Structures are given as structure tokens and as C-alpha cells.
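Asks: Just to be clear, the model below is a prediction. Sequence and coordinates:
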Amino acid sequence: MSLLTHVVVGTNDLPKARAFYDGVLATLGAKRLMNMEDRASIWGLDAPQLMVTKPVNGQAACHANGGTVGLAASSREVVRAFHAKALELGATCEGAPGPRPFTPTAYGAYVRDPDGNKLCAYCFAAE
């Protein structure tokens, strides 16, 4: 059983966010599962896992300072594909694909989506 049921990040431009996450999450094998009218969309592998939404309070979305959404990648090649696709779709680089020091096999990449939300893709399989 997983500790998390889902993660939610905010957006100020849902059509742009939908295009970004459709492309980026496809590199990880996920797809858009549902749209909630013009308010939100949900992606996952086979169940809802990530929601991108306009804030319910009507105020502008902003990213969490220090917050990062970590996404699982099946291989180092998938980490590289995630990073490349994210940059192609308007993300900014927050850490190029490469080994990470916190475990012997950690390999990850970091980006900020067009709304400033920080995402990373990680593979923990040996090279």
C-alpha cells in the first residue's frame, strides 16, 4: 500500500498545463484520466495520482516553496526522456539528469512546470 493517494498542484492556465502534463507524463507511462470541466484534470497510470487544478479559492496559483512532486521512472532513459520532454514543453531545468547522492542507484532529473511547480523523475534501478 502506498502512503499517498494523490498529489495536487495548481495552475493559472489549465489548457497550457494539460498540454504540458499530457506530454511529460506520457514519458512515464501515465495518461490523462479525467477532466473536471474547466477547473482541473487528473492523470495516472491506471488510477488518479496527480491532479492539476485552478485554485478553488479563485486566487492565483503559486508553487510551494521547498515542495517537489517526485515521479517514478522505470529506467534512466525514461528519466532523460521526461526531462527532455518537459523542457520542450516549456519547463525550466532545476537539475539535469544524473546520479543523485542519497542512494547508490539514485538517478534523477528536476524541472519546474510552466506554473513554477517543481517536479522530478527518479529511477532507483542499477545502471
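Replies: Looks like it came in fine.
Asks: So for stretch 34-52, what gets flagged as buried?
Replies: Buried residues in stretch 34-52, counted by 16 or more other CB atoms under 10 Å: 40, 41, 42, 43, 44, 49, 50, 51, 52. Glycine gets a C-beta too; all of them are placed from N, C-alpha and C.
Asks: So what would you say the end-to-end distance of that stretch is?
Replies: 11 Å (CA to CA, to the nearest Å).
Asks: again with stretch 20-36
Replies: 17 Å.
Asks: sorry, back to before: want to throw the buried residues of stretch 34-52 into CSV with distance to residue 79?
Replies: Converted to CSV, the buried residues of stretch 34-52 look like this (distance: CB to CB, whole Å):
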residue, distance to residue 79
40, 27
41, 24
42, 23
43, 18
44, 19
49, 18
50, 17
51, 23
52, 21
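Asks: okay if I get those as CSV plus pLDDT, secondary structure and distance to residue 105?
Replies: Listed next are those as CSV, based on pLDDT from 0 to 100; DSSP: H, G, I helix; E, B strand; the rest coil; distance: CB to CB, whole Å:
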residue, pLDDT, secondary structure, distance to residue 105
40, 97, strand, 35
41, 98, strand, 33
42, 97, strand, 31
43, 98, strand, 26
44, 96, strand, 25
49, 95, coil, 23
50, 96, strand, 24
51, 96, strand, 30
52, 97, strand, 30
